[in-house]
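build me a structure from this.
(one chain, ligands or ions: 1)
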Amino acid sequence: MKIAIAGCGYVGLVTGVCLAEAGHEVTCVDIDRSKVKRLTQGIPPMYEPGLKQLLKRNLEQERIHFHVNGKAAYEQADVLMIAVGTPQQADGQADLQYVFQAAKEMGIAAKSGAVLVVKSTVPIGTCDQIDRVVHQELGRNEPLYIASNPEFLREGSAISDTLRADRLVIGAETKDVLDRLEEMYADFHLPFVKTDRKSAEMIKYASNAFLATKISFMNEIASICERTGADVEMVAEGMGLDHRIGPSFLRAGIGYGGSCFPKDANALVQIAGHVSHDFELLKAVIKVNNHQRVCFIRTIQERLGAKLEGNRIALLGLSFKPNTDDIREAPSIPIAHDLHQLGAELVAYDPVAMRQAACELPDSVQFTQTIEEAVKGADAVCILTEWSDIQLFPLHSYKDLMRQPIIFDGRNCHSLQEAEQAGVEYHSIGRRPVSPIFM
Ligand code: UGA
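As a prediction, this is how the structure comes out:
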């Protein structure tokens, strides 16, 4: 099949290379000229494991192409996909201007009977609106079938999430369109959920909101564990073995970040509001998430003092999660600003996200190329992202390198036993503190 995709971000690019890998002829379109140039040379705009190799292979096989202007590709495509961003507006609603811009360009160019698939996360009813814009506003007479096909890939494991997804959700108004999209994905050999467009759009928001709810729920449990002496890691393990609950997304920490959960949770609250439903539960999920950072800072202040002048603090991990250089809505950013405001001297390390973080962090933050350099002479360490090199960094090394070995672990990278054996002071989330003084 000939496939044209608008948007070379995570969703568009990963979908594009995976569909090319399945043998389709794919053209990805992006308005960013330098991004398109780099992609044509096989250089992805973001760090994502496995993407570069897959991109290179499909460029060599001439199954994937990149363009700034989509017209020619849109005219020839059997399937046109919209995978542009839907950034959050000031009031929390999704900004759909790029979606409609792409839809109009496609609506003008697409051949008769092509399918326009919306992959971007869009409010419920957007596909219906696109249908109206294309057939009424643009006055298009030839059919262009609009479908919803939300994306569930995660940054850091985007390729395997796409090729080995739990399910593919397709929403369309006719069986023929559903079958055509099933055929496009046939080589992926994945289970399909075929439904109507609105339900498909809702599945995406509901899934992200539910996962965010799981995280905030565990963060609340963690707070109670801290006050009662229970251990949230054991609690999560005990809960997760129940098949009805499942073990994933039960990790307590400094809160969820990234370009999706915060934005999509806010958007769903707005969507609910538009149909006069006060989504109280999701509002609480968002509140709890924001509060996690406040609690983390409070723990640091309780130990080091209300003012942090004279304290050199090492921040380990800056990206919103491991295996990505994405720092959007990363808890590390507000935490660093708060510590800076309180007078701390900050040193930061991240294996890949330092260049991106430098633009968002206070100017005075120093960056180091290794964990050792960051923690050397520090009064405290804050673990903010559970990168594997940070998890594997032995706790006893902190003792050797730091001025005083006090560790605030916002991602529960170490066991309490390990901390006790290393002789460090260790504060984590939802577990008792470990300190040579407390032992
Ligand atoms: C999320 C969803 O998991 C994907 O299915 C979805 O396609 C994507 O959003 C999207 O809408 O585009 P992503 O934002 O890449 O993917 O990252 P996740 O792995 O879901 O993690 C999100 C945040 O939750 C991270 O900050 C992570 O540290 C945090 N998290 C995750 C926890 O705090 N605890 C957990 O147990 C799991």
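
regarding the spatially most central residue of the chain, what is its secondary structure?
Centroid check for the chain by C-alpha atoms, centre = their mean gives Gly258 as the closest residue, at 4.1 Å. Put simply, Gly258 is coil when judged by DSSP: H, G, I helix; E, B strand; the rest coil.

against the ligand, how distant is it?
Distance, Gly258 to the ligand, using C-beta to the nearest ligand atom, to the nearest Å: 4 Å. Every C-beta, even on glycine, is put in place using the N, C-alpha and C of the backbone.

likewise for Gly16?
15 Å.

got a list of what that residue touches?
Ile3, Ile5, Cys8, Val26, Cys28, Ile64 (C-beta atoms under 8 Å, 6 or more residues apart in numbering).

one more: Cys260?
Thr121, Asn208.

can you rerun that using 7 Å?
By C-beta atoms under 7 Å, 6 or more residues apart in numbering, Cys260 lies in contact with Asn208.

what's the nearest residue to the residue nearest to the centre of the chain if we skip its chain neighbours?
Leaving aside its chain neighbours, Gly258 sits nearest to Phe320 (4.4 Å; criterion: C-beta to C-beta, 6 or more residues apart in numbering).

ok, Glu226 next?
Gly430 (5.8 Å).

quick one: contacts for that neighbour?
Ile221, Ala222, Cys225, Glu226, Val232, Ala252.

give me that answer again for 10 Å
Applying C-beta atoms under 10 Å, 6 or more residues apart in numbering, we find Gly430 in contact with 218-227, 230-236, 251-253, 412.

the ligand next: which of the residues you listed are close?
Arg251, Gly253 (C-beta under 6 Å from any ligand atom).

out of the contacts of Gly430, which end up buried?
Buried members of the contacts of Gly430, scored by 16 or more other C-beta atoms under 10 Å, are 218-223, 225-226, 230-233, 235-236, 251-253, 412.

which of the contacts of Gly16 tops the neighbour count?
Ile5 (30 neighbours; other C-beta atoms under 10 Å).

what's across from that residue in the sheet?
Taking DSSP bridges as the rule, Ile5 bridges to Cys28, Met81.

next, Arg403: phi, psi?
phi -70, psi -40 (degrees, to the nearest 10).

how many neighbours does it have?
For Arg403, using other C-beta under 10 Å, the count is 13.

show the pLDDT at it.
We note a pLDDT of 96 for Arg403 in this prediction.

residues contacting it?
Here Arg403 is in contact with Asn311, Arg312, Val375, Lys376, Gly377, Ala378, Asp379, Ala380 (criterion: C-beta under 10 Å, 6+ apart).

what segments of the stretch 101-250 of the chain are helices?
Counting by DSSP state H, counting those that start in this stretch, the stretch 101-250 of the chain has helices at residues 126-132, 158-163, 175-184, 197-228, 232-240.

mind putting these in a markdown table, mean pLDDT included?
As requested, these are arranged in a markdown table below (pLDDT from 0 to 100):
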| stretch | mean pLDDT |
| --- | --- |
| helix 126-132 | 97 |
| helix 158-163 | 95 |
| helix 175-184 | 97 |
| helix 197-228 | 98 |
| helix 232-240 | 98 |
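
same list (these) but as a markdown table, adding distance to Trp387.
Output for the helices of the stretch 101-250 of the chain, formatted as a markdown table (distance: least, C-beta to C-beta, whole Å):
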| stretch | distance to Trp387 |
| --- | --- |
| helix 126-132 | 36 |
| helix 158-163 | 17 |
| helix 175-184 | 36 |
| helix 197-228 | 19 |
| helix 232-240 | 19 |
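
and of those helices, who's closest to Gln404?
helix 197-228 (22.3 Å; C-beta to C-beta).

just how off-centre is the closest one within its chain?
14 Å (C-alpha atoms, centre = their mean, to the nearest Å).

report the angle between that helix and helix 175-184.
60 degrees (axes from the mean of the first three to the mean of the last three C-alpha atoms, to 10 degrees).

which neighbouring elements make contact with helix 197-228?
strand 114-118, helix 126-132, strand 144-148, strand 168-171, strand 192-195, helix 232-240, helix 261-274, helix 280-304 (3 or more C-beta pairs under 10 Å, 6 or more residues apart in numbering; DSSP states H and E).

run the angle between it and strand 114-118 for me.
Going by the same axes, to 10 degrees, helix 197-228 makes 20 degrees with strand 114-118.

so helix 197-228 versus strand 144-148, what angle?
Using the same axes, to 10 degrees, helix 197-228 lies at 20 degrees relative to strand 144-148.

ok and helix 197-228 relative to helix 232-240, angle-wise?
140 degrees.

what does the stretch 151-300 of the chain have sitting close to the ligand?
151-155, 208, 211, 215, 249-251, 253, 256-258, 260-261, 264.

whichever of those residues end up buried, select them in PyMOL.
To isolate the buried ones among those in PyMOL, judged by 16+ other C-beta under 10 Å, type:
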select buried, resi 151+152+153+154+155+208+211+215+249+250+251+253+256+257+258+260+261+264
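
how about Ser199, what does it touch?
So Ser199 contacts Ile124, Ser148, Val169, Gly171, Val193, Ala206 (C-beta under 10 Å, 6+ apart).

farthest pair within the residues you listed?
Most distant of these, by C-beta to C-beta, are Ile124 and Val193, 15.9 Å apart.

who has more neighbours out of the two?
Ile124 (20 against 13).

how about the contacts made by the nearest residue to the more buried one once chain neighbours are set aside?
Spatially, and ignoring its direct neighbours in sequence, Ile124 is nearest to Glu201 (4.7 Å; C-beta to C-beta, 6+ apart). Taking C-beta under 10 Å, 6+ apart, we find Glu201 in contact with 118, 121-128, 148, 150, 169, 171, 195, 271.

among those residues, who's most crowded?
Ser148 (29 neighbours).

adding pLDDT and distance to Pro351, write the contacts of Arg403 out as TSV.
Listed next are the contacts of Arg403 as TSV, based on pLDDT from 0 to 100; distance: C-beta to C-beta, whole Å:
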residue	pLDDT	distance to Pro351
Asn311	97	25
Arg312	98	21
Val375	98	15
Lys376	98	18
Gly377	97	21
Ala378	98	18
Asp379	98	23
Ala380	98	21
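
next step: the residues you listed restricted to helices.
Assigned to helices by DSSP state H, the following of the contacts of Arg403 qualify: Val375.

identify the farthest-apart pair in the contacts of Arg403.
Asn311 and Lys376 (14.7 Å).

distance check, Gly7 against the ligand.
13 Å.

contacting residues for that residue?
13, 15-16, 28-31, 81-85, 98-99, 102, 119-120.
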